[in-house]
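Engineer: Need a 3D model of the sequence below.
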Amino acid sequence: MKSPTNYLDDLDTSRLSPSNANQSTAALALLSAIVAFLVVSPMFWLLWQAWTVDPARAIDMFTSSQTASVTFNSLLLMMGVTVASIALGVPLAVLTTRTDLPYPRFWTIVAALPLVIPSYIGAIAFVAMFGSGGEIDSFLGVTIPRIDGLRGAGFIITLYTYPYVFLTTRAALLSMDSSLVDAARTLNHSRLSAFRRVTLPQIRPGIAAGALLAALYAVSDFGTPAFMQVNVFTSTIYTEFRSYNVEYSALLALQLIALVAVILVIEAGIGRDEDASGATGQGTTIRLGGWKWPAMGAISLLGTLALVVPVAIFTRWLLISQGDPIPSLEFQWEFAYNSVYLAVLAAVAASAFALPVAYYSGRRHSLLSRLFERATYLGFAVPGVVIGLALVFLGTRTLPSLYRQGVWLLVFAYVVRFLPQAVGAVRSSVLQIDARTLEAARTLNAGRLETFRRVTLPLIAPGVVVGAALVFLTTMKELPMTLMLQPAGMDTLVIIIWGAQRSLAYRFAAIPALLLILISGLSMLLLLRQEGYDVS
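Structural biologist: Residues are numbered from 1 along each chain as shown. Next up, the predicted model:
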């Protein structure tokens, strides 16, 4: 069989017709529309549930002291995490790109490593060791600074989200023309003034992109606030859901969606002004002198807090088993199998959903194709607890048999949440296909299905694999949707971690947590490879 590119050797270009490439457009558009509708459909059910609430009761709920407290805590947590992530991420990006810091590749990896651990796993470790009544309290018998409450949640989430700002800012710094800074220095600007007037405007889109990810993570994180007893939108929605107060949980979910929309609008307004890409000029490297030792110490401290401490704590729990046995929490390989089984189903389903959307968007640059593609990104912006709540409404009110079976509704939730990962990876591969290759196959009497099977699919296969792998790895770590839509009797790694934390039997979380850390490490390596971050 000829390779895809060998078809070009037999091509008579006079036989090509632009209309041949567009014959399947209608079918692709229809499939893309169906996928887009399925992805956004859970939000319709959430809106319907909120719409059925009596207006007077809705006003009372919106104006209650609990709602005010939840809103205030969520905003404070989001703003605190965002500011702290910028304060950590931007200096670290400058250190690893613009200074003579020794071994920059190594310190770049150390600074990015906190992305390896889901924040709720770090929260369990820190609360168990340093929280009120934790192991340090019991061992020392003295009061130490608390890792509890809103401040503790902000500290933990920042520890695992600042790498977003670090990586996006670092990419912006690597792409900008640093010789412009030297030009500003020759005009008698200080280093600080040159950074503020020259560097900052050019890297602002990168900072804004990372800050957006940090803000969205902070406002949508469920596990860390729940473990630290902080009443924010996500934890309160779940609590009200478990208390069968579905009306209030639906209204809180709409407020959370509105907050996410505001974040996206703000980022769009501040992160699109400057373009620092495409520059090649090299500027003067900043000499740290004696400051290189505090710089390396600071990065080491962050890496130790975010990675070494949790891993050491879970390893200690694994090696030292004490306390009464809890049979339901004892580790069984069935938990890992269930997690893998659900993740595989989600990866396969997401790949199938992504193919028509990504192919249509990649081959047809139209308003309709962009609309369908962007619709699939809705789930990624909406917190998992909101998607879980919406699908509970959908399952209990419309598809009770499917809801009772559980597995497929949960898999659908994963697809809604993580479909953008598959769409983005597949679309990148589609954009690299030369349209002449497909036309060559068609002129050699290959049908559309045969062309797709023998030419298109082999060319986009790497993107499909990467997208499926990303969906698989992130599904393994998903907590709120798994809790809300868990099939009866089908415990997974994250369910056991949740149960161990709720029972204060942290040792039972050791093996599941260490397995998820390993999985998260693979996820990070795949993400860095896909995005092409330069860590040299």
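
Engineer: Return the list of helices and strands in contact with the lengthiest helix in the chain.
Structural biologist: For the chain, the helix with the greatest residue count under DSSP state H is helix 65-98. Taking 3 or more Cβ pairs under 8 Å, 6 or more residues apart in numbering; DSSP states H and E as the contact definition, the neighbouring helices and strands of helix 65-98 are helix 104-112, helix 149-175, helix 200-220, helix 233-242, helix 246-270, helix 292-303. To be clear about C-beta, it is placed using only N, CA and C from the backbone, and glycine gets the same treatment.

Engineer: Distance from the shortest one to the middle of the chain?
Structural biologist: Looking back up the chat, that one is helix 104-112. The chain centroid and the centroid of helix 104-112 are separated by 21 Å, computed with Cα atoms, centre = their mean, to the nearest Å.

Engineer: avg pLDDT for the host helix or strand of residue 510?
Structural biologist: Under the criterion DSSP states H and E, the helix or strand holding residue 510 is helix 510-531. For helix 510-531, mean pLDDT is 75.

Engineer: now stretch 484-504
Structural biologist: For stretch 484-504, the mean per-residue pLDDT is 86.

Engineer: i'd like the first residue to be 53 from this point on
Structural biologist: Got it, first residue is 53 now, which makes that one stretch 536-556.

Engineer: Now it: buried residues?
Structural biologist: By neighbour count with 16 or more other Cβ atoms under 10 Å, stretch 536-556 contains the buried residues 536-539, 542-553.

Engineer: just to revisit the earlier point, quick one, the longest helix of the chain and helix 156-164 angle?
Structural biologist: 180 degrees (axes from the mean of the first three to the mean of the last three Cα atoms, to 10 degrees).

Engineer: And helix 117-150, what's buried?
Structural biologist: The neighbour-count check on helix 117-150 (16+ other Cβ under 10 Å) flags 119, 122-123, 125-126, 129-130, 132-134, 136-138, 140-142, 144-150 as buried.

Engineer: now stretch 151-162
Structural biologist: Judged by neighbour count using 16+ other Cβ under 10 Å, the buried positions of stretch 151-162 are 151, 153, 159-160, 162.

Engineer: Would you mind measuring the gap between the ends of that stretch?
Structural biologist: Across its full length, stretch 151-162 reaches 17 Å between end residues, using Cα to Cα, to the nearest Å.

Engineer: The helices and strands packed on helix 117-150: which one's closest to residue 523?
Structural biologist: helix 252-272 (17.7 Å; Cβ to Cβ).

Engineer: elements contacting the closest one?
Structural biologist: Counting by 3+ Cβ pairs under 8 Å, 6+ apart, the packing neighbours recorded for helix 252-272 are helix 117-150, helix 201-227, helix 285-294, helix 298-322.

Engineer: Least confident of these, on average?
Structural biologist: Per-segment mean pLDDT for the helices and strands packed on helix 252-272 reaches its minimum on helix 298-322, at a mean of 81.

Engineer: okay, the helices and strands packed on helix 252-272 in CSV with distance to residue 337 next?
Structural biologist: Compiled in CSV, the helices and strands packed on helix 252-272 are given as follows (distance: least, Cβ to Cβ, whole Å):
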stretch, distance to residue 337
helix 117-150, 7
helix 201-227, 12
helix 285-294, 44
helix 298-322, 29
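
Engineer: out of these, which comes closest to residue 377?
Structural biologist: In this view, the helices and strands packed on helix 252-272 are compared for proximity to residue 377 by Cβ to Cβ, and helix 285-294 is the closest at 26.4 Å.

Engineer: Please identify the buried residues of the closest one?
Structural biologist: Taking 16+ other Cβ under 10 Å as the neighbour-count basis, helix 285-294 is seen to contain the buried residues 285-290, 292-293.

Engineer: which one among the buried residues of stretch 536-556 gets closest to residue 111?
Structural biologist: Nearest to residue 111 out of the buried residues of stretch 536-556 is residue 536 (Cβ to Cβ; 27.1 Å).

Engineer: Could you tell me how far residue 120 is located from residue 307?
Structural biologist: 11 Å (Cβ to Cβ, to the nearest Å).

Engineer: What of residue 152?
Structural biologist: Between residue 152 and residue 307 the computed distance is 49 Å (Cβ to Cβ).

Engineer: next one: residue 95
Structural biologist: Residue 95 is 14 Å from residue 307, where distance means Cβ to Cβ.

Engineer: ok, now residue 316?
Structural biologist: For residue 316, the distance to residue 307 equals 15 Å [Cβ to Cβ].

Engineer: Pick out whichever of the two has more residues nearby.
Structural biologist: When residue 316 and residue 307 are compared on other Cβ atoms under 10 Å, the one with more neighbours turns out to be residue 307, at 19 against 14.
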